[in-house]
Structures are given as C-alpha cells and as structure tokens.
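Enquirer: what's the 3D shape of this:
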Amino acid sequence: MIDTLGMSLEPGILLPAFAAGLLVLASHVPLGQAVLKRGIVFLDLAIAQIAGLGVVIAHSLGGAELGDYGPWLTQLAAVSAALLGALFLHRMERLASARQEAIIGVTFVAAACLALILMSHDPHGAEHLQDLLVGQILWTTWSDLLPLAAVTALMLAAWFGLGWRASPLGFYLLFALTITASVQVVGIYLVFASLIVPALVAGESLARGLALGAAGYALGLIASGLFDLPSGAAIVLSLVAVAGLLTLLKRDPHA
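Expert: Below is the predicted model:
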C-alpha cells in the first residue's frame, strides 16, 4: 500500500505524521553526528534492516495470528534482532576496526537477503517489503506516537544526561533501540536520511540539524499531500533538496 494522501492537505493526518518526524529527528540528529564522527555511515542501514528482519521473522512465525499478543511478539522480535546485531557489530569494531564499514555492509546485505527469502512465499510479501523500506508515516496516529516518544525521551536522557554517547557499547545499544522504534514508523529509507542528511550539512550544530530536518519533513509531507506522492520518498527527497540548497548557500562565492 503506497503511503499517500491524495490531492489534499488534511491536518488530522499531516500533524501526527509531522510530530512523528520531529520525534525521529530529536534522536536521530545527535546519533547521526556520532555516526559521522565514527566513520560508520551505513551502521543505521544495517541495524534498521536487522530490526526489520526481526519483524519479518515474527510475521513468518505467525505473529499476526496471535491476536493481542501479535504486536508484542513483533516488537520483541525486532528489539531482540537489533540488539543482537548491535552487539555483534560492536564486537567486530573491537576485533577488526579497520574493516568495520565493510563488515557493516555485508551484515546489511545478508539481513536484507534473508528477509527477502522469508517473504518470498508470503502473498503480502511485496507490501511488507514496501512498508519496511518507506514506512507508513501518514497513517501514524497520536496514540501511535506514545511508544516512539517514550523511546526518544529515554534515549536523550541516556545520551545527554547519563553520558552513554561516550561509551562504545552504550552507543550501539542506544542506537539499536532507537532505530528499532523509528524504522517501524518511517521505514529504512527515512531512518537513513534522518540520521545522515542533517548531520552531514549541519556538522556539530544540533539546532541547525533539527531545523533542516524539520523543514525537510514539512515540505515532503506537503508535497505528498498536494501531488499524491509516496510520503516516505517525498520526505527523503525534500531532506536532500533542503540540504543541497543550504550547502550551495554556504559556499564562499570568492572560493
């Protein structure tokens, strides 16, 4: 199911979606800054894909048929997979730091291919794959934001208050939990864009990164509503466009 609004701008749909974007940015911009400093740009793709693999495994095991327990099984599978993936990559960073980016890439490809195999016999596999990649942000409700808000608050408290950002293991664990919460709302593509694009342009300025991200989400959602576009793809392209414009404006005309 393509995540579009039709040719309209409906505040009842746009506002919860925009709030979801702001929550994602609140945690992803500082995480993205740390990712760039560490030189492991594709860590978010790998962890997001592993969390998505956990969701696929839960569905393959019949999570959707367990009634009220199905969503809990799905969340448990996603969190467990992401944490295991984070612990594995943290261990690999200690054992083979020079090859960490290559290991992350291989992990991402392996998780993606395993998910494809598991979904190959699912009649709704293509729909699940699309949801995993581009998310369903437009169908987010205010009540859906409560778990994401709780994870975001805990992440920010641990990151800035408890100093987990200085701990390699703390970084990986917070990364896994945060990505798991966001990927099920906005999808893998938006997770990557929210982490990397603002941090890439704003550098160490958290305020500039958040402002850039908010502008990208707002413009993407408006474009999706006006022109009947898939919202995830529209927001990603809007983030890239805003980042590109700001980069051009920052260039020294005398350089």
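
Enquirer: Show me which helix or strand of the protein is least confident by mean pLDDT.
Expert: Least confident helix or strand of the chain, by mean pLDDT, DSSP states H and E, is helix 125-134 with a mean of 66.

Enquirer: Return the list of helices and strands in contact with the strand or helix carrying residue 48.
Expert: For residue 48, the host element (DSSP states H and E) is helix 43-60. Judged by 3 or more Cβ pairs under 8 Å, 6 or more residues apart in numbering; DSSP states H and E, helix 43-60 is in contact with helix 11-38, helix 69-95, helix 100-119, helix 125-134, helix 168-202. The way it works is simple: take the backbone N, C-alpha and C, and place the C-beta from them, glycine included.

Enquirer: same thing but 7 Å
Expert: Helix 43-60 sits against helix 69-95, helix 100-119, helix 125-134, helix 168-202, with contacts defined as 3 or more Cβ pairs under 7 Å, 6 or more residues apart in numbering; DSSP states H and E.

Enquirer: quick one: contacts for residue 132?
Expert: Residues near residue 132 by Cβ atoms under 7 Å, 6 or more residues apart in numbering: 52, 187-188.

Enquirer: switch the cut-off to 8 Å
Expert: By Cβ atoms under 8 Å, 6 or more residues apart in numbering, the contact list for residue 132 reads 52, 55-56, 115, 183, 187-188.

Enquirer: Any idea which of the helices and strands packed on helix 43-60 has the lowest pLDDT on average?
Expert: Sorting the helices and strands packed on helix 43-60 by mean pLDDT places helix 125-134 lowest, at a mean of 66.

Enquirer: for the helix or strand that comes right after that helix, what is the average pLDDT?
Expert: Reading on from helix 125-134 to the C-terminus, the next helix or strand found by DSSP H and E is helix 145-156. Helix 145-156 shows a mean pLDDT of 91.

Enquirer: before we move on, the earlier item: tell me the gap between the helix holding residue 48 and the middle of its chain.
Expert: Taking Cα atoms, centre = their mean, to the nearest Å, one finds the center of helix 43-60 at 11 Å from the center of the full chain.

Enquirer: do the same with stretch 196-212
Expert: 16 Å.

Enquirer: Next: stretch 224-235.
Expert: Here the centre of stretch 224-235 is set off from its chain's centre by 18 Å, with Cα atoms, centre = their mean.

Enquirer: Now do the end-to-end distance for that stretch.
Expert: 8 Å (Cα to Cα, to the nearest Å).

Enquirer: close enough to count as contact, residue 103 and residue 96?
Expert: Yes - counting by Cβ atoms under 8 Å, residue 103 does reach residue 96; the two are 6.6 Å apart.

Enquirer: and the two? which has more neighbours close in?
Expert: Taking other Cβ atoms under 10 Å, residue 103 and residue 96 do not tie; residue 103 has more neighbours (18 against 11).

Enquirer: quick revisit: including neighbour count and distance to residue 204, could the contacts of residue 132 go into TSV?
Expert: Shown next, in TSV, are the contacts of residue 132 (neighbours: other Cβ atoms under 10 Å; distance: Cβ to Cβ, whole Å):
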residue	neighbour count	distance to residue 204
52	28	30
55	23	33
56	26	36
115	23	35
183	28	25
187	27	27
188	24	26
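
Enquirer: Sort out which one of those residues lies nearest residue 211 for me.
Expert: residue 187 (22.7 Å; Cβ to Cβ).
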